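> fold the following, please.
(2 chains)
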Amino acid sequence: MMRMSRTAVIGLPILIALPFVVHQLFGGSEKYYLHLLIQILIWSFIYTGWSLMGRFGLTSLGHGAFTGIGAYVTVLLWNYAGLTPWLGIPAAILIAVIVALLVGYPCFHMRITGHYFALLTLALTEFVRLCIVGLRDYTGGSLGTQPRRYGDGLSLYAMQFEPDRVLSYYIALALWLVGLYVWWRVDRSMDRYALDAAGQDEEAAASVGINVTREKLKITAISAAMCALGGAIYAQYQMYIVPDTIAGLGVSLNIVFACIAGGLWVMLGPTVGAVFTQVLSEVLRVTVQGSPMLQALFGSAALALDTLIYGLLLILFIIYMPKGILGTLLDKREKASNQPPPPSRVVLR
Amino acid sequence: MDCQLDIFFLEAVLNGLLLAGLLALLALGLNLIFGVIDVVWICYAELVMIGMYGIFYVHKAGAPLIVAALFGVLLVALAGAILHQLVIRPVLDSAPINQLLVTGGVLFVLQAAATMAFGIDFRNLGIRFGSFTFADMSFSYSRIITFGVALAAMLVLWLFLSRTYVGIAIRAIAQDRQIMPLMGVDQRRIYLITSAIGGGLAGLAAALMVLQYDIYPQIGLQFGPLIFMICVLGGLGSLIGGFIAAFIISEFIAVGGSCFATEWGYAIAFLFFMVVIFIRPQGLFGGRS
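Take a look at the predicted model:
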């Protein structure tokens, strides 16, 4: 715990000062770099939300549904009912949590785990995506939709802040800190031990008096709420949502993979995963655009290069580094300082 | 909504039956692999996509369609064996969900590789078999061919599994992974053969799909979730269950699609699937391990 607060004492001022550093270093293109940082922070928050469940062996492929619900409900309520996102976002979160509980309760009650849980939640994601596409008169279908702009696009009432990148950055930063705080609270709670036990052996956990279904439902509700909030903020910042980027199987898989790449069992793991994946795809994009050879070889299809490398890395990560980047680094440091190893975690189930 | 019990309704029902043949074939390969190796290939539909591109280019290069189809089957069978050897082998002993996710990585790789190699354009063979009309209902010949070939392939697989030594060994491994190696069955060889057969079935499905569908890198995302849903609904690993589930799901899609819009047919099918799984988590015909 000491080390955690030391990291915070050093890290937080740096993060708060970052927009000014970016302004000094990259005066001309500061908007671009801030955009990258904001993306990383918002997705880190969503990934952290997923990892709350994922770390206990509840591998959900359904969180693409929750980010989608968060984004679309907020935007639709604003566009068609004129409801401010200050009320729209809570409504979206409420709907996401209700959906999560409706799907979660039978799942946990019937003890659906492993493959079955993953594939069932995958069906939920597809269902929500199909509903969004099917309601194309309101949602714009697979072409996407925009929240109606309010005034000059900078408004507290409409929760629109996209033109001011520095403000957006601080909003994303605050969101991310909230995510870490939730993770930390869960990590220190008794529920965490109950869920750890249930993740390893459900029958044994139940036999010592843990209400496995209730514990799982609690964490599912928190996790779904965070993903819905993240999706809503993403929509408010991007001012444009498409099923491909915020709802659907692709989003679900991205969430899972970024968490595994970063490290599922450490607080900053999902954040490291977000930094890693976003920076990787940006670097590759810039490389491809800057290289006439690659462009000539593949044309615009060269943009798929990042997905290709990303996929290859993920295969390698799962085979050789299941603890992820940060998890492995922390392990190494632990070994180097010759401390007794922490109680070993079971493999991801 | 216009959902009357008229001739259009009957046409939708019959077209649903024809679709079911293809979906049952797709589910069969995935179920076989799961039943024997205990691994779900999330990238199964992407293997089909690779097969479709293979067939497309071989046919464009001048090979007759039947040769191209044969090439497609062999290509995907090889791809299945390679997938098993390089990706599944190293994670055979780790947690089931890791095995599922590692093939998800393969999904990204195959999709991106196809985008880079073939571009994002929709392609099709441009072969039209035409259709025939019966009592005011029209059915395309390519659908009927698909249905017939899919059923024949399932019959051949069933004969193989019940009549040949290797087939019986495969079923034996599926029943007891610990004991069979002691009985002199080479587990690794059986796994490899099963992966190749699973891939071959995907290749055959690809050969049938090029007759009906456009080819594009994302086609796997359209069929993948559907195949998983059918397998889970029938009971993962249950070949018969997958077969019956394919018919149930494709009726939902065809009838729902004709009554409302296409997406709603799919959406209703997914909703039905979730409800059934809540009542019977092991699927309609699955024994639960």
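
> so B:F71 touches B:A63, yeah?
Yes. Shown here, B:F71 and B:A63 form a contact pair, counting by Cβ atoms under 8 Å, at 7.1 Å. Bear in mind the C-beta positions are built from the backbone N, C-alpha and C, glycine included.

> can you name the residue of the stretch 201-349 of chain A nearest chain B?
In the stretch 201-349 of chain A, the residue that lies nearest chain B is A:G311 (3.0 Å; Cβ to the nearest Cβ).

> right, and that residue touches B:F108 too?
Yes. In this structure, A:G311 is within contact of B:F108 by Cβ under 8 Å, at 3.0 Å.

> so which of the two has more stuff around it?
A count of neighbours by other Cβ atoms under 10 Å in any protein chain shown puts B:F108 above the other of A:G311 and B:F108, at 26 against 23.

> before we move on, the earlier item: what do B:F71 and B:A63 both touch?
Residues touching both B:F71 and B:A63 (Cβ atoms under 8 Å, 6 or more residues apart in numbering or on different chains): none.

> which of the two has more residues huddled nearby?
Taking neighbours as other Cβ under 10 Å, B:F71 and B:A63 compare with B:F71 leading, 19 against 15.

> show the contacting residues for the residue lying closest to that one once chain neighbours are set aside.
Excluding the flanking residues, the one nearest B:F71 by Cβ to Cβ, 6 or more residues apart in numbering or on different chains is B:V58, at 5.0 Å. Residues in contact with B:V58 (Cβ under 8 Å, 6+ apart) are B:V67, B:A68, B:F71, B:G72.

> quick check: the first one vs A:T145, distance?
Okay, so that is B:V67. For B:V67, the distance to A:T145 equals 47 Å [Cβ to Cβ, to the nearest Å].

> which one's more surrounded, those two?
Per other Cβ under 10 Å, whichever of B:V67 and A:T145 has more neighbours is A:T145, with 20 against 13.

> that one contacts A:M239, doesn't it?
No. Using Cβ under 8 Å, A:T145 makes no contact with A:M239, being 10.3 Å away.

> hmm, who's touching stretch A:120-140?
Contacts for stretch A:120-140 (Cβ under 8 Å, 6+ apart): A:60-65, A:68-69, A:72, A:76, A:80, A:99, A:103, A:107, A:112, A:141-142, A:145, A:243, A:247-249, A:251-252, B:225, B:228-229, B:232, B:261, B:263-264, B:266-267, B:270-271, B:273-274, B:277.

> gap between that stretch and the chain center?
19 Å (Cα atoms, centre = their mean, to the nearest Å).

> so which bits of it are buried?
A:120-134, A:139-140 (16 or more other Cβ atoms under 10 Å in any protein chain shown).

> average pLDDT for that stretch?
Mean pLDDT, computed over stretch A:120-140, is 89.

> could you do stretch B:202-217 as well?
So the average pLDDT for stretch B:202-217 ends up being 90.

> now do stretch B:48-65
Averaging pLDDT along stretch B:48-65 gives 91.

> top helix in chain A by residue count?
Assignment by DSSP state H gives helix A:212-238 as the longest helix of chain A.

> quick check: next helix or strand after that helix?
Helices and strands here follow DSSP states H and E; after helix A:212-238, the next one along the chain is helix A:243-246.

> close to chain B, is that following helix?
No. Using Cβ under 8 Å from any Cβ of the partner chain, helix A:243-246 stays clear of chain B, coming no nearer than 9.6 Å.

> stretch B:114-134: which residues count as buried?
Using 16+ other Cβ under 10 Å as the test for burial, stretch B:114-134 gives B:A114, B:T115, B:M116, B:F118, B:G119, B:R123, B:L125.

> tell me the one of these nearest chain A?
Nearest member of those to chain A, counting by Cβ to the nearest Cβ, is B:T115, at 3.8 Å.

> give me the element that closest one is part of.
Assigned by DSSP H and E, B:T115 falls in helix B:96-118.

> which residues of the stretch 1-150 of chain B score low on pLDDT?
B:1-5 (pLDDT under 70).

> please, where are all the strands along it?
With DSSP state E, counting those that start in this stretch as the criterion, the stretch 1-150 of chain B has strands at B:131-134, B:137-140.

> now those in JSON lines, with distance to A:G269?
Output for the strands of the stretch 1-150 of chain B, formatted as JSON lines (distance: least, Cβ to Cβ, whole Å):
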{"stretch": "strand B:131-134", "distance to A:G269": "55"}
{"stretch": "strand B:137-140", "distance to A:G269": "51"}
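
> what's the burial count for B:S162?
Neighbour count of B:S162, defined by other Cβ under 10 Å: 10.

> swap in the one 3 residues further on?
When counting by other Cβ under 10 Å, one arrives at 8 neighbours for B:Y165.

> distance check, it against chain A.
Distance of B:Y165 to chain A, given as Cβ to the nearest Cβ, to the nearest Å: 30 Å.
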